[in-house]
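1. quick one, structure for this:
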Amino acid sequence: MLIVSRLLLLLAACSSLVAAAQTHTLTSWKGSAYHIEDKYLQAGYGPHVIDGEFFGHIELEALNIELQPEDQTFPGVYERVQFGIIVRSKLDILEAGCYQLSLNSDDGSVLWIDDELAVSNDGHHKERRVTDSLVFDKKTYEAKVWYYNAYYGGYALELDIDRIGPAESCPNVELTVPPKEPIILIGAQLFSHGSYIILRRGAEQFDELVAQLRTMDIKKITIIGHTDDTGEEADNLVLSERRAESVLSFLQSRVNLTGVEVVLLGKGESDPVADNATRAGQVRNRRVEILVE
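-> Here you go, the predicted structure:
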């Protein structure tokens with residue numbers, strides 16, 4: 001009887017230690033899966049994500065899927081490639097402080113906390129892990145994850161959340177002043193002719209820009225789309241607007257713009273910076289300008 005009592009006390013002590021070590025909980029992840037059209041396979045997250053055929057609802061107990069071979073299907077999705085999912089969970093923080101958030105995926109993934117960008121691992125790529133940190137209060141948050149698998153080669157989706165200390169232990173980033181001159185993105189390098197979908201080679205141009213924007217104290221961002229004078233004026237105006245929208249969607253999945261005033265403009269062919277009579281001039285006129293304040 002004494003041995004049993006001691007064993008029960010030992011089990012109770014172990015349970016107390018486990019409970020004391022628990023800093024947060026997550027509910028199961030529930031959401032939907034969608035087919036992704038060919039033209040969007042390299043675009044990552046954007047307003048197009050639910051344009052494709054609806055596969056159905058899915059539920060995952062945890063986001064702990066290590067890299068799987070390409071002949072396996074993602075849980076709850078009957079296609080092996082060319083799909084995206086959006087799933088949600090409740091994150092209950094039991095102990096306030098600084099938390100490290102680590103998102104690993106094969107192809108793109110994005111984590112939002114209460115609809116604010118937390119970690120971006122977006123874009124078509126092989127298995128890659130991205131880590132960031134946030135200060136959490138003791139309360140319940142809504143967590144949302146977007147993930148997509150574009151091509152054959154396997155899939156992976158892992159989210160790790162760990163408390164690393166009190167709030168003051170989170171690294172501080174000294175914000176810089178935005179540039180006074182507009183940032184010019186050459187449209188011919190971002191988009192195919194007549195298209196507003198950002199190409200893979202175009203997405204790679206954003207890496208340095210995204211790194212810069214993350215360190216800026218941004219109050220307002222204005223994105224202006226331009227075209228050359230090829231085609232109908234009305235069509236060019238619409239195209240320029242959609243290109244500005246695509247650039248905004250791309251940035252929103254990589255830079256936290258919460259609280260930032262956003263202005264989108266499309267000027268079509270009305271504001272050239274070069275002679276449209278030459279091919280070189282047309283290339284310069286097909287551009288997107290970003291003004292950061």
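2. ok, D162 - how many residues close by?
-> By the measure other CB atoms under 10 Å, the count of residues near D162 is 13. Using the backbone N, CA and C atoms, a C-beta is placed for each residue, glycine as well.
3. er, L67 actually
-> 15.
4. quick one: it from I164, how far?
-> 25 Å (CB to CB, to the nearest Å).
5. likewise Y141?
-> Using CB to CB, Y141 is found at 17 Å from I164.
6. the more surrounded of the two?
-> Y141 (19 against 12).
7. who does the helix or strand containing the more buried one pair up with?
-> Element membership for Y141, per DSSP states H and E: strand 140-149. Paired neighbours of strand 140-149 in the sheet (DSSP bridges): strand 83-93 (antiparallel), strand 109-113 (antiparallel).
8. how about those strands in JSON lines, adding mean pLDDT, mean neighbour count and distance to W146?
-> Shown next, in JSON lines, are the strands paired with strand 140-149 (pLDDT from 0 to 100; neighbours: other CB atoms under 10 Å; distance: least, CB to CB, whole Å):
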{"stretch": "strand 83-93", "mean pLDDT": "96", "mean neighbour count": "19", "distance to W146": "5"}
{"stretch": "strand 109-113", "mean pLDDT": "97", "mean neighbour count": "23", "distance to W146": "5"}
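9. turn those into CSV, columns for distance to C170.
-> CSV is the format used below for the strands paired with strand 140-149 (distance: least, CB to CB, whole Å):
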stretch, distance to C170
strand 83-93, 14
strand 109-113, 14
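10. can you tell which of these is closest to L101?
-> Closest of the strands paired with strand 140-149 to L101 is strand 109-113, at 6.4 Å (criterion: CB to CB).
11. buried residues of stretch 72-79, list them for me.
-> For stretch 72-79, a neighbour-count test (16 or more other CB atoms under 10 Å) marks F74, G76, V77 as buried.
12. wait, I meant stretch 146-166
-> Those would be 146-150, 154-159, 161, 163, for stretch 146-166 by 16+ other CB under 10 Å.
13. ok, now stretch 265-281?
-> Quick answer for stretch 265-281 (16+ other CB under 10 Å): G266, K267, G268, E269, P272, G281.
14. equivalent analysis for stretch 173-186, please.
-> Buried residues in stretch 173-186 (16+ other CB under 10 Å): P178, I183, L185.
15. tell me what the residue nearest to G31 when sequence neighbours are not counted is bridged to.
-> Once flanking residues are discounted, G31 sits nearest to V87: 3.4 Å by CB to CB, 6 or more residues apart in numbering. Bridge pairing for V87 (DSSP bridges) gives the partners G31, V145.
16. what of G97?
-> Bridge pairing for G97 - DSSP bridges - gives F136.
17. for T73, see how far away it is.
-> Counting by CB to CB - G97 and T73 are separated by 38 Å.
18. what about the helices in the chain?
-> For the chain, applying DSSP state H gives helices covering 2-21, 187-190, 200-204, 206-213, 233-252, 279-285.
19. H48: which of the ones you listed is closest?
-> That would be, of the helices of the chain and by CB to CB, helix 233-252, which comes in at 8.5 Å.
20. what about the closest one, average pLDDT?
-> Here helix 233-252 scores 93 as its mean pLDDT.
21. got it, and stretch 144-157?
-> 93.
22. mind giving me the domain split of the protein?
-> Domain ranges of the chain: 23-169, 183-292, per automatic domain parsing.
23. what segments of the stretch 51-200 of the chain are strands?
-> Counting by DSSP state E, counting those that start in this stretch, the stretch 51-200 of the chain has strands at residues 54-60, 64-68, 83-93, 97-105, 109-113, 116-121, 128-136, 140-149, 155-165, 183-186.
24. any stretches of the stretch 51-200 of the chain with poor pLDDT?
-> Along the stretch 51-200 of the chain, no part satisfies pLDDT under 70.
25. if you set the cut-off to 90 instead, what comes out?
-> 51-56, 70, 78-80, 123-125, 150-153, 171-175, 179-180, 186-200 (pLDDT under 90).
26. mind listing what's buried in stretch 191-206?
-> Applying 16+ other CB under 10 Å to stretch 191-206 flags F191, Y196, I197, I198, G202, A203, F206 as buried.
27. could I get the phi/psi values of the first one?
-> It refers to F191. With angles defined as degrees, to the nearest 10, F191 sits at phi -130, psi 150.
28. do the second one as well
-> Backbone torsions of Y196, given as degrees, to the nearest 10, read phi -120, psi 10.
29. which residue sits closest to it, ignoring its sequence neighbours?
-> Using CB to CB, 6+ apart, the closest residue to Y196 is R242 (3.8 Å).
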